[in-house]
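Novice: Generate a structure from the sequence data that follows.
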Amino acid sequence: MKAIVVFGAAVAATILGLGFVLTLAFRTPEDRTAIAASGAVALVVQLFAFTVARLTAKSNYLAGWVIGVALRFVALIAFAFVAVKGLALPAPAALISLATFLFISTLLEQKLLTL
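Specialist: Sure thing, here's the model as predicted:
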């Protein structure tokens, strides 16, 4: 449980920092809304993927990692259809920010799986 909380805090801090940097490139209010939505989705997806990886790490590390990668990929594709098409968020800001959040916060996962 401690590792999940630490990972969640690290991911939230990463998303906030990267979100600020992305708002320098995407300046409109709609872009900022898309970045915030992407951050919320990334946090939920990363916490779920980390929990799955953590639960399967001792018995089958590779299976947990593959499930996490597949989950992130499906989340990105689903977000493209739901957020961009359904909610009419700007596609560049929404998808670039989500992909960035997922990629960078995935790099933190390896260090925190061993806690």
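Novice: The residue located most distally from the centre of the chain in helix, strand or coil?
Specialist: Within the chain, Ser59 marks the point farthest from the mean C-alpha position, 24.8 Å out by Cα atoms, centre = their mean. Recorded secondary structure, Ser59: coil (DSSP: H, G, I helix; E, B strand; the rest coil).
Novice: how close does the residue positioned nearest the centre of the chain sit to Thr114?
Specialist: The centroid of the chain falls nearest to Ala42 when counting by Cα atoms, centre = their mean (2.6 Å). For Ala42, the distance to Thr114 equals 22 Å [Cβ to Cβ, to the nearest Å]. No exception for glycine: its C-beta is placed from N, CA and C like everyone else's.
Novice: Also Leu55?
Specialist: Distance of Leu55 to Thr114, computed by Cβ to Cβ: 14 Å.
Novice: Those two - which one has more neighbours?
Specialist: Set side by side, Leu55 and Thr114 show more neighbours around Leu55, with 11 against 8, by other Cβ atoms under 10 Å.
Novice: So that one is in contact with Tyr61, correct?
Specialist: No - using Cβ atoms under 8 Å, Leu55 is not in contact with Tyr61; the gap is 11.0 Å.
Novice: Quick check: which element contains the residue nearest to the centre of the chain?
Specialist: Ala42 belongs to helix 29-56 when assigned by DSSP states H and E.
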